[in-house]
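# sequence first, predicted model second:
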Amino acid sequence: MIAVTTLGPVAVAVDGATAPAELLWRKHLALLVYLARSPQRGRSREHLVGLLWADRPAPAARHSLREAVHVLRRTLGEGGVEASGEQVRLRDGAVDLDVDRLAAEAGRGDWAAAAARLHGEFLEGFTLEGAPEFEDWLSAERAEWRRRGVEVLAARARELARAGRSADGAAAARRALACDPLSETAAAAAMETLALAGDRAAALEVYAAFAARAERELGVAPGGPLRSLAERVRAERAWRLPRSEAAPRGAESRRTPLIGRGQTLGALLGAWDGCRATRRAALLFVEGDPGTGRTRLAEEVVARARLDGAAWSAVRAVPADRDEPWSGTLGLARGGLLDAAGVAAAPPAALAAFASRLSEWGDRFPATRRVPPAPLGPALADVLRAAADEQPVLLVLDDAHWCDPDSLQALEAALRDGAAAPLAALVTTTPGPGREALDRLCARVGRDVPGAAVHLAALDRDALRALAAWAMPAYSDEQCDRLARRIEADSAGLPLLAVELLHAVALGLELADGGTPWPAEHRTLDQSLPGDLPDGVTAAIRVGFQRVSRDAQTVLAAASVLGDRVPRHALARATGLGADALDAALDELEWQRWLAAEPRGYSFAARMVRDVVARDMLTGGQRQRILEAAGLRAAPPR
């Protein structure tokens, strides 16, 4: 069998060995590839003579064809070429083309394998002088495989992004754009993946360059879908990050790829896509121990929903919310729901329910102040249905185990009443007793509410090794294995702790060999967190704290003292930072995933990290001064 690589510089092998020199003569190779790409892998002699030897007299041209067929037959063996009568045909299985394999892989959605075959243009650098018809065919083939290559790379880019590897997806999308700078498919994939990777500026640069090129070379503007995508990317948040050349990158930034969670993220995104496509309510339920990455998964789903053009609202519950009736519902109302385009169409009584309790709703709908408000539970359902009539809606209730019971019941009712609407709720929680309302909500998934319910376990050794290889690209396989084993012992496979350790190692922390695996035998994570973290983990958190800017350290210190969720104005008082400096520090800490934000305030993305900062990075006097600056009285010493 002859195997031919056509995408990129041509390469030919015969039964795994180097091809004979005579087969590589240009017209012999052209005949081989042309026949392999022809319908039923055959053509008439007259057609082949006119295609490849039109510059020769007819007798000489027919003789050249006979010689070329003889070379193919000698290479392929008896029966490899059928040349009876006026037809020349390759038998099935005689020639293996990479483009045929690519087409088959793309047909079954194996985008990784298909993308791996793209090494350049079809028959890159190959020409035939005196054969204009062949050159025309070659140009058409190149255009076709360029188009299909762009489709493959764009699909691979989106596949990587759906697995939480947006940076890798952006690299694939940029390859697609390099193949065809005027492809809207490639431009859209590049913009989406860059935006999902958090690089809004780069995504908009792709759009600007594409629009200028399309105007200059084609005299047209980008199509409506691409313009709409650009508007959604513009609406994304612009982060103000440190400008110094030492600004963290890669593993030093604490923003790792979502390794080990690709299948889980895919299930959640599949449920979200189904919600939008079928216009039926869906529930996405994520359960996992502290540090397993529940919040990170929620962030990924929200990022995709924003690019999809959905309205969204997110709330993160803290322990104090459990005893505050309707705190979760009001948090959702403040968390972005007011910005949904269709909210104004809700019944006046439903709008009044929120306007009577939240000033921003009252300012938006002042007329409702004269309307008797509806109960909050039915009001939430009415507002969500109105919003979903205009665009899909995604609600996120993070750390729902701290949410008040009234709000959980209202969310369950809203999903029931909005069953025929593109409304999705993403709920994250830890497992444990006393979660009857959440258990009841989870039990509905797949029974009477479409969606997905996933449980996050610790990362296995392979995932930790992949993380180590990403964080330390200069490490050998053996070094990555050793680092993964060490991190597994100190982190118990929790992504949060593994990332902290890798971040610190990238900054120069040396992990001591040996040590006792954590948590201790016969102790659960709940029993161990947050009081007895391994020394390596606490050292890693201290390294990370010292790496952020001075203003960011000041904000982290204040946030660790002032409570589970701290309003911005309280942080301003406690830190003494001006508005611009405070906002820049908060952006840095959100980007670095130290803090999570919502309209009600800021909280540590992980309570165990907060405890380490409060315990190890502050003196008693500093804690007291922070409380005094915030207008609070420090607790008397015990």
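Sure, I can see it.
# only C-alpha atoms for contact and neighbour calcs from this point on.
Will do.
# which residues of the stretch 501-638 of the chain fall in helices?
Taking DSSP state H, counting those that start in this stretch as the test, the helices found in the stretch 501-638 of the chain are 525-528, 535-547, 550-562, 568-575, 579-591, 607-616, 620-629.
# how does the protein divide into domains?
Domain segmentation of the chain under automatic domain parsing yields 2-130, 150-234, 262-456, 461-542, 548-629.
# identify each buried residue in stretch 271-287, please.
By neighbour count on 16 or more other CA atoms under 10 Å, the buried set for stretch 271-287 is 271-276, 279-287.
# next one: stretch 495-509
495-507.
# what's that stretch in contact with?
Residues outside stretch 495-509 that contact it (CA atoms under 8 Å, 6 or more residues apart in numbering) are 251-254, 256, 291-293, 458-459, 464, 468, 471-472, 487-488, 491, 511, 536-537, 540-541, 543-544.
# now with 7 Å?
Stretch 495-509 has contacts (CA atoms under 7 Å, 6 or more residues apart in numbering) with 251-252, 254, 291-293, 459, 468, 471-472, 487, 491, 537, 540-541, 543-544.
# and if you look at stretch 152-167?
Contacts for stretch 152-167 (CA under 7 Å, 6+ apart): 106, 111-112, 114-115, 168-170, 172-173, 176, 185-186, 189, 193-194, 196-197, 257-258, 262-263, 265-266.
# tell me which of those residues fall in strands.
Here DSSP state E is the test, and the contacts of stretch 152-167 give no hits in strands at all.
# so where's the stretch 251-400 of the chain uncertain?
Scanning the stretch 251-400 of the chain for pLDDT under 70 picks out nothing.
# lowest-confidence helix or strand of this structure?
helix 525-528 (a mean of 54; mean pLDDT, DSSP states H and E).
# burial count for residue 21?
7 (other CA atoms under 10 Å).
# whoops, residue 111 was the one
Using other CA under 10 Å: residue 111 sits among 22 other residues.
# helix/strand/coil for the closest residue to it other than its chain neighbours?
Leaving aside its sequence neighbours, residue 111 sits nearest to residue 156 (CA to CA, 6 or more residues apart in numbering; 5.2 Å). State at residue 156, reduced to three classes by DSSP: H, G, I helix; E, B strand; the rest coil: helix.
# please tell me how far residue 156 sits from residue 162.
Distance check for residue 156 against residue 162: by CA to CA, to the nearest Å, it reads 10 Å.
# now the buried members of the contacts of stretch 152-167.
Of the contacts of stretch 152-167, these count as buried by 16+ other CA under 10 Å: 106, 111-112, 114-115, 168-170, 172-173, 176, 185-186, 189, 193-194, 196-197, 257-258, 262, 265-266.
# just the residues you listed: which are in helices?
106, 111-112, 114-115, 168-170, 172-173, 176, 185-186, 189, 193-194, 196, 262, 265-266 (DSSP state H).
# what segments of this protein are strands?
Under DSSP E, the chain gives strands at 2-5, 11-14, 17-18, 42-44, 81-82, 87-90, 95-97, 282-288, 311-316, 393-398, 423-429, 451-456, 595-598, 601-604.
# now distance to residue 208 too, for those, in JSON lines please.
Compiled in JSON lines, these are given as follows (distance: least, CA to CA, whole Å):
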{"stretch": "strand 2-5", "distance to residue 208": "36"}
{"stretch": "strand 11-14", "distance to residue 208": "38"}
{"stretch": "strand 17-18", "distance to residue 208": "47"}
{"stretch": "strand 42-44", "distance to residue 208": "47"}
{"stretch": "strand 81-82", "distance to residue 208": "52"}
{"stretch": "strand 87-90", "distance to residue 208": "48"}
{"stretch": "strand 95-97", "distance to residue 208": "38"}
{"stretch": "strand 282-288", "distance to residue 208": "36"}
{"stretch": "strand 311-316", "distance to residue 208": "26"}
{"stretch": "strand 393-398", "distance to residue 208": "29"}
{"stretch": "strand 423-429", "distance to residue 208": "33"}
{"stretch": "strand 451-456", "distance to residue 208": "37"}
{"stretch": "strand 595-598", "distance to residue 208": "31"}
{"stretch": "strand 601-604", "distance to residue 208": "35"}
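# minimum distance to residue 559: which of those strands has it?
strand 601-604 (7.1 Å; CA to CA).
# quick check: mean pLDDT across that closest one?
Summarised as a single mean, pLDDT over strand 601-604 is 95.
# just stretch 475-487 next, same as before
93.
# quick one: it to chain centroid distance?
26 Å (CA atoms, centre = their mean, to the nearest Å).
# quick one: contacts of it?
461, 464, 465, 468, 469, 498, 501.
# which of those lies closest to residue 86?
Using CA to CA, those come closest to residue 86 at residue 469, 58.8 Å.
# burial measure for that closest one, as a count.
Residue 469, neighbours per other CA under 10 Å, totals 19.
# local confidence estimate at it?
Reported pLDDT for residue 469: 94.
# residue contacts, it?
Residue 469 touches 475, 480, counting by CA under 7 Å, 6+ apart.
# tell me, how many residues neighbour residue 606?
For residue 606, using other CA under 10 Å, the count is 18.
# tell me the contacts of it?
residue 291.
# can we see that at 10 Å?
290, 291, 293, 295, 496, 497, 593, 594, 595, 596 (CA atoms under 10 Å, 6 or more residues apart in numbering).
# then residue 395?
283-284, 302, 311-315, 332, 335-337, 384, 411, 423-427.
# among the contacts of residue 606, which pair sits farthest apart?
Among those, 497 and 596 lie farthest apart (CA to CA), at 17.0 Å.
# that older thread, can you redo the buried residues of stretch 495-509 as JSON lines with distance to residue 604 and pLDDT?
As requested, the buried residues of stretch 495-509 are exported to JSON lines (distance: CA to CA, whole Å; pLDDT from 0 to 100):
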{"residue": "495", "distance to residue 604": "16", "pLDDT": "94"}
{"residue": "496", "distance to residue 604": "12", "pLDDT": "92"}
{"residue": "497", "distance to residue 604": "14", "pLDDT": "92"}
{"residue": "498", "distance to residue 604": "17", "pLDDT": "93"}
{"residue": "499", "distance to residue 604": "16", "pLDDT": "93"}
{"residue": "500", "distance to residue 604": "14", "pLDDT": "92"}
{"residue": "501", "distance to residue 604": "18", "pLDDT": "93"}
{"residue": "502", "distance to residue 604": "19", "pLDDT": "92"}
{"residue": "503", "distance to residue 604": "17", "pLDDT": "91"}
{"residue": "504", "distance to residue 604": "19", "pLDDT": "91"}
{"residue": "505", "distance to residue 604": "22", "pLDDT": "91"}
{"residue": "506", "distance to residue 604": "22", "pLDDT": "89"}
{"residue": "507", "distance to residue 604": "22", "pLDDT": "87"}
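# let's have these in TSV, adding distance to residue 74.
Converted to TSV, the buried residues of stretch 495-509 look like this (distance: CA to CA, whole Å):
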residue	distance to residue 74
495	59
496	62
497	63
498	60
499	59
500	63
501	62
502	58
503	60
504	63
505	60
506	58
507	62
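# noted, bye for now.
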